[in-house]
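Trainee: got a structure for you, letters missing:
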């Protein structure tokens with residue numbers, strides 16, 4: 001079979017960019033990106049895309065209406081598809097067995113039942129969502145229960161938000177897990193042929209389905225573990241006078257360790273790390289491995305500790321009260337170059353400050369709409385703005401929660417002059433030169449370094 005038509009179920013942070021890249025590279029393939037949310041589809045068909053990623057807008061505008069189409073899927077779209085990617089949301093369960101840890105697979109199962117109802121027999125199903133190991137097996141049972149055969153592949157995404165289009169253009173690897181029979185191997189070969197249009201074949205790795213599923217969870221768990229590990233050392237640095245930046249540089253030069261994901265911060269966020277670690281912890285417990293479960297759960301607990309520790313420092317250094325004080329929040333997205341705020345440390349920090357009766361001015365170049373949604377109902381004392389200088393008027397403190405490049409280029413002398421004194425700077429991303437900020441007049445509190453105080 002030669003793939004001529006692709007349907008993606010899910011038009012979010014994975015489905016949209018991935019399908020746009022496939023459409024760009026495979027101009028002879030018609031790509032339909034489907035979602036049941038009409039508002040989201042309308043946004044994909046507008047000039048204001050629902051997902052912000054550098055480079056995405058240009059590709060969508062180039063391909064949209066040609067071989068890339070954003071639609072609410074109908075029976076005909078299922079029937080026309082040679083290959084169906086499933087990129088639906090798999091959030092952490094908030095109810096019942098495994099609540100707070102296990103993945104909620106209700107949307108995946110609904111997608112699978114829709115495929116079984118409408119798709120042609122033999123259509124290749126590609127599991128793109130991050131799911132627990134053995135999910136593909138369960139989906140195969142659902143799809144093939146009537147004696148009709150659908151090969152199911154696991155093709156997890158390894159995209160970093162903010163660099164997703166670059167990651168798709170030049171991936172470290174493309175992982176394809178397949179069932180170990182002739183049809184499974186043929187399906188994997190078909191998907192491999194698509195990626196091979198632009199990805200070197202040595203980067204396309206074939207495994208069994210279960211190894212592929214577990215590799216995705218493991219990759220995110222290992223990266224998050226590094227963040228929590230260096231953050232634990234940052235707390236010790238603040239007590240001893242050591243510098244976490246110097247420690248990160250020293251250990252990062254060790255070829256056995258490497259420098260990536262050793263930047264101390266207020267904590268990790270995003271849709272994957274916390275969800276996937278909790279899922280891995282839950283799976284370990286379910287398979288009778290309590291020590292393994294506890295080990296991975298501790299990575300999340302360290303991240304929670306880092307966020308609460310940061311909030312307590314904001315409170316204690318401002319004379320144990322922020323009630324009625326104006327605090328500028330620089331950044332709400334969980335990282336720069338994205339509008340994604342899922343599990344952003346800013347949500348926790350802002351909610352805690354609002355509990356303490358602070359007045360917030362939130363500044364972010366892309367994520368203000370998302371911030372309004374995340375704080376809906378508790379934002380009576382919140383102002384949302386893209387103007388950092390206006391936000392600083394009469395403020396008691398600045399809190400940096402996203403390391404947007406724009407924030408590093410602000411005139412902090414001008415900001416300092418507009419603030420109440422003493423003026424406080426809490427740098428949760430180690431974005432600014434603390435010595436320079438101290439010279440300007442700020443009382444500076446930077447993650448992993450001894451505070452620089454004027455009193």
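Mentor: Right, received. Where do you want to start? Remember, predicted model here, so these are calculated numbers, not experimental data.
Trainee: C-alpha only now, for contacts and for neighbours.
Mentor: Noted.
Trainee: where are the low-confidence patches of the stretch 1-150 of the chain?
Mentor: Low-confidence segments of the stretch 1-150 of the chain (pLDDT under 70): 1, 90-92, 102-104, 130-138, 145-147.
Trainee: where do the helices sit along it?
Mentor: Remark: helices assigned in the stretch 1-150 of the chain by DSSP state H, counting those that start in this stretch are 15-25, 38-44, 56-63, 75-80, 106-118, 135-143.
Trainee: now the ones you listed in CSV, with mean neighbour count and distance to residue 254?
Mentor: Supplementary listing: the helices of the stretch 1-150 of the chain in CSV, determined by neighbours: other Cα atoms under 10 Å; distance: least, Cα to Cα, whole Å:
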stretch, mean neighbour count, distance to residue 254
helix 15-25, 22, 34
helix 38-44, 17, 44
helix 56-63, 17, 36
helix 75-80, 17, 51
helix 106-118, 17, 42
helix 135-143, 18, 38
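Trainee: I'd like the ones you listed as JSON lines, with distance to residue 386 appended.
Mentor: Putting the helices of the stretch 1-150 of the chain into JSON lines (distance: least, Cα to Cα, whole Å) gives the following:
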{"stretch": "helix 15-25", "distance to residue 386": "26"}
{"stretch": "helix 38-44", "distance to residue 386": "22"}
{"stretch": "helix 56-63", "distance to residue 386": "21"}
{"stretch": "helix 75-80", "distance to residue 386": "41"}
{"stretch": "helix 106-118", "distance to residue 386": "36"}
{"stretch": "helix 135-143", "distance to residue 386": "43"}
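Trainee: Any idea which of the ones you listed gets closest to residue 373?
Mentor: helix 38-44 (15.4 Å; Cα to Cα).
Trainee: Check which helices and strands that closest one sits against.
Mentor: When contacts are defined as 3 or more Cα pairs under 8 Å, 6 or more residues apart in numbering; DSSP states H and E, helix 38-44 packs onto strand 68-71.
Trainee: what residues does the strand it packs on touch?
Mentor: The contact list for strand 68-71 (Cα atoms under 8 Å, 6 or more residues apart in numbering) reads 19-20, 23, 30-35, 41, 44-45, 60, 64.
Trainee: Kindly recompute the last result at 10 Å.
Mentor: Strand 68-71 is contacted from outside by 6-9, 11, 16, 19-24, 27, 29-38, 40-45, 59-64, 77, using Cα atoms under 10 Å, 6 or more residues apart in numbering.
Trainee: Low-confidence regions, the stretch 151-300 of the chain specifically.
Mentor: Those would be none, if you go by pLDDT under 70 across the stretch 151-300 of the chain.
Trainee: got the residue ranges for the strands in it?
Mentor: Ranges of strands within the stretch 151-300 of the chain are 152-154, 174-178, 204-208, based on DSSP state E, counting those that start in this stretch.
Trainee: can you tell which of those is closest to residue 248?
Mentor: strand 174-178 (29.5 Å).
Trainee: For residue 354, list the residues it contacts.
Mentor: By Cα under 10 Å, 6+ apart, the contact set of residue 354 is 322-324, 348, 360, 375, 378-382.
Trainee: nope, residue 66 is what I meant
Mentor: Here residue 66 is in contact with 23, 27, 30-31 (Cα under 10 Å, 6+ apart).
Trainee: Max pairwise distance over these: which two?
Mentor: 27 and 31 (9.3 Å).
Trainee: Domain-wise, how is the chain divided?
Mentor: Here the domain assignment for the chain is 5-199, 209-455, based on automatic domain parsing.
Trainee: any idea how far the nearest residue to residue 248 once chain neighbours are set aside is from residue 222?
Mentor: Nearest residue to residue 248 in three dimensions, chain neighbours excluded: residue 262, at 5.9 Å (Cα to Cα, 6 or more residues apart in numbering). Using Cα to Cα, to the nearest Å, one gets 12 Å for the distance from residue 262 to residue 222.
Trainee: quick one, which of those two is more surrounded?
Mentor: Neighbour tally, residue 262 and residue 222, criterion other Cα atoms under 10 Å: the higher count belongs to residue 262, 23 against 15.
Trainee: Surely the more buried one and residue 232 touch.
Mentor: No. Residue 262 is beyond contact range of residue 232, at 11.2 Å (criterion: Cα atoms under 10 Å).
Trainee: any shared contact partners between these two?
Mentor: 226, 244.
Trainee: before we move on, back to that, adding distance to residue 287, write the contacts of residue 66 out as TSV.
Mentor: Formatted as TSV, these follow (distance: Cα to Cα, whole Å):
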residue	distance to residue 287
23	40
27	45
30	42
31	39
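Trainee: Tell me the buried residues within those.
Mentor: 23, 30-31 (16 or more other Cα atoms under 10 Å).
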